[in-house]
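Participant: Here is my input; please provide its structure:
(2 chains)
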Amino acid sequence: MVYQEIYNVQHGMAFGALMAAFPFMTGLSAGSFTLSTFAYVFGKKEYKAVSKYAVFMALILLGMAVSLLFIDMTQPSRSYFTMMLGNVTSMFSWSAFLVGGYMTASAIYAYSIFSHRDGAAKMMGIICIPLALAVHADTGFVFGLTKGMPIWHTSLMPFLFLISALTSGIALIVFMVITKDTLFTKKESNKIDRNLVYSLGNMLILLIAIEFFLDMSDVTTMIFAGAEEVEAVKLWLIGPFSFSFLVVQLGIGGIIPVLLLSLPNISRTYVGQWIAALFIIIGTLAMRLNVVLGGQTIPKTEAGIVPYTHLIGFVGYTVPQEIAVIVTLFILGTGAYAFCIAYVPQIIEKVDAKLFGKREA
Amino acid sequence: MAKERIQRINGEWGRPEIVHSNEGRLAMVIDLRRCIGCHSCSIACKQENQVPLTFFRSWVKQMEKGTYPLVSTFTLPRLCNQCEKPVCVTVCPVKATFKREDGITLIDSRVCIGCKACIAACPYDARFVNPEKGTKYFGRGTTDKCTFCAHRVDGGAKPACVLACPTKARYFGDLEDPNSEVSRIIAKNPVQTIKPHLGTEPHVFYIDASSEIMGRMEMKPRLGRIEGEGESEEDGHGEE
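Facilitator: The predicted structure follows:
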C-alpha cells in the first residue's frame, strides 16, 4: 500500500546546535575535573602537575556551557526562576541546582589547590566528583527520559554521556598539555613528564573501548526494537547522519585514536598523542550532534525528516551567525583560560597570605 | 466569575494560580467520518487565539492512500491532546506548564523561561515558540499550544474549532458526566487516540482514524514540500 502525506504542520526542532554544544562542553568540564582530582583525592601524586591545568579548564568550560544555555533560552532574563521554582520531575531543574552547586564547590576546590591546602582540596574533591558526574549524568537524563524520541529514550544515555565526558575531558587535557609543552614552555623543568601523558593515553584506550561497547549495544538494541527505533537507527546507519555517525564518531573519534595510541611506534610520540586527542574531541562533538540533532531529525508525527532549524532562542539565526557565536565563546574562553593559568595562582596565593597569614607550601 | 478567571490566566505578574474551573474532565471527540478536510478549525483557532503566521495550535493533517485508480484522502485534525499524564508538565523546570483540575494543560507565559524542553518532550508536536508572547523587554517569545480555548470554556462556551466545524465533526464536553455528548459518543463508538503506547492518556479521541495517519509511520514526504518551510521566520510574517 502506498501512503503519502499531503499536508501537515511542522514546528521544527526544539534544540539547535547550541544545545548540542551544551552537553559537549559540560562533558569536557566533568572529564577534566575528574582528572584534576586524581592527585588530591586518589593520592596519585604524579598527576599533581596536570591538576591545576585541568581544574581551570573545568571551571571555564562550565561557564561557557552555561552561557550557551542562556543564549539558547528565549527568556534569559527569567533564568533565575529555575532556582526559585524547582520541579522534582524536571531534569532541567535538577541541572540548574547541580550546575550551581558544582560551580561553587569546584571554585572552592581550585582555591584550596592554589593555596596549598591539600587536606581541604581532598575534602572538596570528594564533594565535587559526585557533583561533576551528576551534572553530566543529568544532561544524559534530560535526553534519556524523553519518551517521544526513540534515539534519546534509552537507559544507556547517562552512561554514554558520562563515559564520553571522561574520554573527551582527558583528551582535552592531553591535547592542551602537549600544545603547551611544545609551543609555549621553553624550560625543561617546567614541562610535564612524558610518561604521565602516555599513561593518560592508555587510559583513553580503555575509555574509548567502553564507549564503543555502549554505542554498539545501543545501536544493536534499536535494530531489533519496534518500528520507531528501527526508523531511528536507519538515520544513523544509512540515513543523513551516517557520515557523522560511522565516519566521524566511530572512525575518527574511535578507531583512529585507538590505533594511534596503541601502535608501538606512534603511541610514544607527542605527535601521535596530539592527533589522537584532537580526533577524540572531534568524535565526541559528533556524538553529541548525532544524539541531539539526530534525535530530533526523526519527526514525531510527520513523514520524511525534520529539516534543521537554526534557532538561537527564538530569533532565526543563520549557520554563520551560530558559528560566530560559538567562535566568540571559544575565543573568550581561551583568553580566560590563559589568564587563569598565568595569573590566578599568584593572585590566590597573595589573597590567601593576606587573609590567613603566610603558609608553607 | 469567568472574567476573573481569564484575568488570572493572563494577569500581570506572579506565580500561576491553578485556576479551579468547572469540575469534571474535559475531552474532545473528532468524528473523522464527518471531517471533510476544509481547515475551518485551523482558521477559527487562528482568529480566536491570535496565533502568529507560520504557527498553528490546531491544524489538519492530510494523507493519501493507495494507487491510481483506487486512491483516497484521509484527514486527521490535530491539536494538543490535553493528556491525563502530560509529559510537558513533568519536564518543565519552572512549573510554567500546569494541568488544571478539569484536565486542561496550560502554559503561564509570565513564568516560561523558553528552555524548549517541553517542545522536545511532547510526543505530538503540539508545542511551538510563539514570538508574540512573553515579556515586553528581553522577551523573544514563550512556548505556546492549544488550550482547549480555556478562556471560552471558563465562560461557558465551546472551543472555537468546535463551533467552526461545518460538518459538526467535533464534540466537546465533560467526560465524567455520563449524559454529556462526548460520553455518549465514546460509549457508542470505537475510538482511537494518538500514540496510546506512550501512556500519556490523550483526551482527544478520534472515531474511524486510520493507524497510518496517527503517528509517524514509514511514509513518503508530502507532495510539493517547500524548501525550508519548517523554519521559523524572524518577524513572523510571510514572504509576500
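Participant: Which pLDDT value goes with the closest residue to chain A within chain B?
Facilitator: In chain B, the residue found nearest to chain A is B:Gly114; the distance is 2.8 Å by C-beta to the nearest C-beta. (Each C-beta comes from the backbone N, C-alpha and C, glycine too.) If you check B:Gly114, the pLDDT there is 87.
Participant: That one in helix, strand or coil?
Facilitator: coil (DSSP: H, G, I helix; E, B strand; the rest coil).
Participant: tell me which element the closest residue to it other than its chain neighbours is part of?
Facilitator: Nearest residue to B:Gly114 in three dimensions, chain neighbours excluded: A:Thr74, at 2.8 Å (C-beta to C-beta, 6 or more residues apart in numbering or on different chains). Under DSSP states H and E, no helix or strand contains A:Thr74.
Participant: again with A:Ile266
Facilitator: According to DSSP H and E, A:Ile266 maps onto helix A:264-267.
Participant: Give me the buried positions along that helix.
Facilitator: Neighbour counts over helix A:264-267 (16 or more other C-beta atoms under 10 Å in any protein chain shown) mark A:Ser267 as buried.
Participant: Would you indicate which residues of the next helix-or-strand element following that helix are buried?
Facilitator: With elements assigned by DSSP H and E, the helix or strand that comes after helix A:264-267 is helix A:270-297. Of the residues in helix A:270-297, A:270, A:272-297 count as buried by neighbour count, 16+ other C-beta under 10 Å.
Participant: Could you do stretch A:238-253 as well?
Facilitator: So for stretch A:238-253, counting by 16+ other C-beta under 10 Å, buried means A:Gly239, A:Phe241, A:Ser244, A:Phe245, A:Val248, A:Gln249, A:Leu250, A:Gly251, A:Ile252, A:Gly253.
Participant: Tell me which residues touch A:Leu246, please.
Facilitator: A:Trp236, A:Leu237 (C-beta atoms under 8 Å, 6 or more residues apart in numbering or on different chains).
Participant: ok, now B:Ile104?
Facilitator: Each residue near B:Ile104 by C-beta under 8 Å, 6+ apart is listed here: B:Ser21, B:Leu26, B:Gln82, B:Thr147, B:Phe148, B:Ala150, B:Val153.
Participant: The third one looks like it's in a strand, true?
Facilitator: No. Read with three-state DSSP, B:Gln82 is coil and lies in no strand.
Participant: can you pull the contacts of it?
Facilitator: B:Gln82 touches B:Leu26, B:Ala27, B:Met28, B:Gly103, B:Ile104, B:Thr105, B:Cys146, B:Phe148, B:Pro202, B:His203, B:Val204, counting by C-beta under 8 Å, 6+ apart.
Participant: need those in CSV with secondary structure and pLDDT, can you?
Facilitator: Converted to CSV, those look like this (DSSP: H, G, I helix; E, B strand; the rest coil; pLDDT from 0 to 100):
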residue, secondary structure, pLDDT
B:Leu26, strand, 91
B:Ala27, strand, 93
B:Met28, strand, 94
B:Gly103, coil, 89
B:Ile104, coil, 91
B:Thr105, strand, 93
B:Cys146, coil, 94
B:Phe148, coil, 92
B:Pro202, coil, 94
B:His203, coil, 94
B:Val204, strand, 95
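Participant: hmm, what's the outermost residue in chain B?
Facilitator: Seen from the C-alpha centroid of chain B, the residue lying at the greatest distance (C-alpha atoms, centre = their mean) is B:Pro69, 34.8 Å away.
Participant: That one in helix, strand or coil?
Facilitator: Assignment for B:Pro69 (three-state DSSP): coil.
Participant: same question, B:Tyr171
Facilitator: Classified using three-state DSSP, B:Tyr171 is strand.
Participant: what comes up buried for stretch A:184-202?
Facilitator: A:Ile192, A:Leu196, A:Val197, A:Tyr198, A:Leu200, A:Gly201.
Participant: element containing B:Tyr206, please.
Facilitator: strand B:204-207.
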